[in-house]
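Colleague: pasting the structure only:
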């Protein structure tokens with residue numbers, strides 16, 4: 001079960017043997033670590049990174065965003081498993097917000113990581129800059145597979161403070177962050193599997209104030225893969241370590257065939273079904289019972305509908321490609337050679353193109369199961385992503401067997 005790990009170490013600059021030892025023990029569990037995200041490192045440069053942590057450079061890529069002189073309590077250090085290729089990285093706010101895009105070398109699966117260490121005492125304008133940076137990066141680049149990981153230093157739910165009341169810092173951040181969650185479809189990974197549970201990741205120095213500041217938010221396409229979130233106690237920091245476990249990727253088959261209701265309006269299809277039915281009326285005594293005859297009739301109709309749908313879809317794709325090719329050729333004609341007849345042909349072809357696109361769009365909206373959609377509200381790529389997410393939510397990634405042992409993947413699945 002591979003996944004990200006997050007820990008606010010509360011300083012690595014002054015060598016603390018227990019902290020470094022704990023980091024090493026986590027890095028050694030390489031088969032379980034997608035990446036290790038460390039916050040509040042207090043490091044000023046790569047030269048300050050404890051040498052023992054650099055011994056893992058053969059199995060992890062290290063990306064850092066260090067504290068500055070005017071913000072010495074900051075600092076981010078990420079160890080990314082070398083099963084992942086670093087596609088892109090950006091230090092958005094030094095020591096506070098770091099972006100990394102990774103791609104699995106075997107599966108090609110991409111994930112977009114935002115390591116966010118929020119200031120506990122930030123000005124309103126600073127908070128808005130953080131939120132705008134995250135929002136703009138995701139929306140402008142159309143990112144998916146998103147993980148926003150870190151010590152947020154604020155909560156958005158009263159379940160996450162033992163006082164059951166919001167602090168001034170919470171009130172400064174939470175409304176802005178909730179807008180990000182809604183607009184970008186992000187969810188608190190812990191709350192996906194623990195909707196009402198009270199559990200805290202940070203204990204204040206006064207010993208009585210506790211809160212769940214350390215969180216990992218995921219985009220819709222990752223929610224169905226979450227198995228659990230574990231907060232681990234450590235004595236060397238006032239923050240617990242957060243382990244998020246993702247289920248293994250699984251191979252999915254073609255899925256269950258569902259009859260396309262639009263075929264009922266196709267006269268050729270209806271005529272074909274009537275012909276099949278008429279064949280079963282000729283000699284009813286061929287079958288031993290009415291039930292057997294009915295079962296054969298249904299199977300024949302299903303087989304005919306599947307073949308008809310495939311052929312029709314193949315023909316429509318071919319027509320659509322021909323339309324696009326014709327438009328490309330005609331629009332490539334020099335302006336001085338374009339006649340009224342050519343213009344009219346282009347208009348007709350574009351009308352046909354829109355007809356095909358709208359049919360695909362309606363199909364994607366139907367399969368994505370999204371309610372209350374206004375026509376032309378989004379393009380087809382948006383609904384294609386929602387359709388994929390909807391399908392992944394129905395996948396079963398792991399099951400307990402009769403001995404209550406958790407099994408995942410297809411390797412040990414029953415025959």
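Modeller: Here it is on my side, so go on. In this text, all values refer to a predicted model and were calculated from it rather than measured experimentally.

Colleague: how far does the top strand by length along the chain sit from the chain's center?
Modeller: Longest strand in the chain, counting residues (DSSP state E): strand 84-93. Chain-centre distance of strand 84-93: 18 Å, with C-alpha atoms, centre = their mean, to the nearest Å.

Colleague: again with stretch 215-227
Modeller: Per C-alpha atoms, centre = their mean, the centroid offset for stretch 215-227 relative to its chain is 6 Å.

Colleague: could you do stretch 69-86 as well?
Modeller: 22 Å.

Colleague: so what's the nearest residue to residue 72 once chain neighbours are set aside up against?
Modeller: In space, and not counting its chain neighbours, residue 72 is closest to residue 42: 6.3 Å by C-beta to C-beta, 6 or more residues apart in numbering. (Each C-beta comes from the backbone N, C-alpha and C, glycine too.) Taking C-beta atoms under 8 Å, 6 or more residues apart in numbering, we find residue 42 in contact with 11-14, 67, 72-75.

Colleague: which residues does residue 83 contact?
Modeller: 104-106.

Colleague: mind listing the strands in the stretch 51-200 of the chain by residue range?
Modeller: For the stretch 51-200 of the chain, the strands defined by DSSP state E, counting those that start in this stretch cover 60-65, 76-81, 84-93, 97-104, 110-116, 146-151, 186-188.

Colleague: mind giving me the packing neighbours of the second one?
Modeller: Just to be clear, that refers to strand 76-81. strand 33-39, strand 60-65, strand 97-104, strand 110-116 (3 or more C-beta pairs under 8 Å, 6 or more residues apart in numbering; DSSP states H and E).

Colleague: what residues sit buried inside the second one?
Modeller: So the one you mean is strand 60-65. By 16 or more other C-beta atoms under 10 Å, the buried positions in strand 60-65 come out as 60-61, 63-65.

Colleague: the third one now?
Modeller: By 16+ other C-beta under 10 Å, the buried positions in strand 97-104 come out as 97-102, 104.

Colleague: same list, the residues you listed, but as a markdown table with distance to residue 347 please.
Modeller: Output for the buried residues of strand 97-104, formatted as a markdown table (distance: C-beta to C-beta, whole Å):
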| residue | distance to residue 347 |
| --- | --- |
| 97 | 49 |
| 98 | 50 |
| 99 | 44 |
| 100 | 47 |
| 101 | 42 |
| 102 | 46 |
| 104 | 46 |
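
Colleague: related to what we said a few turns ago, which pair of the contacts of residue 42 spans the longest distance?
Modeller: Spatially, the most separated pair among those is 14 and 74, at 15.8 Å (C-beta to C-beta).

Colleague: tell me which of the two has more neighbours.
Modeller: When residue 14 and residue 74 are compared for neighbours, residue 74 comes out ahead with 22 against 8, by other C-beta atoms under 10 Å.
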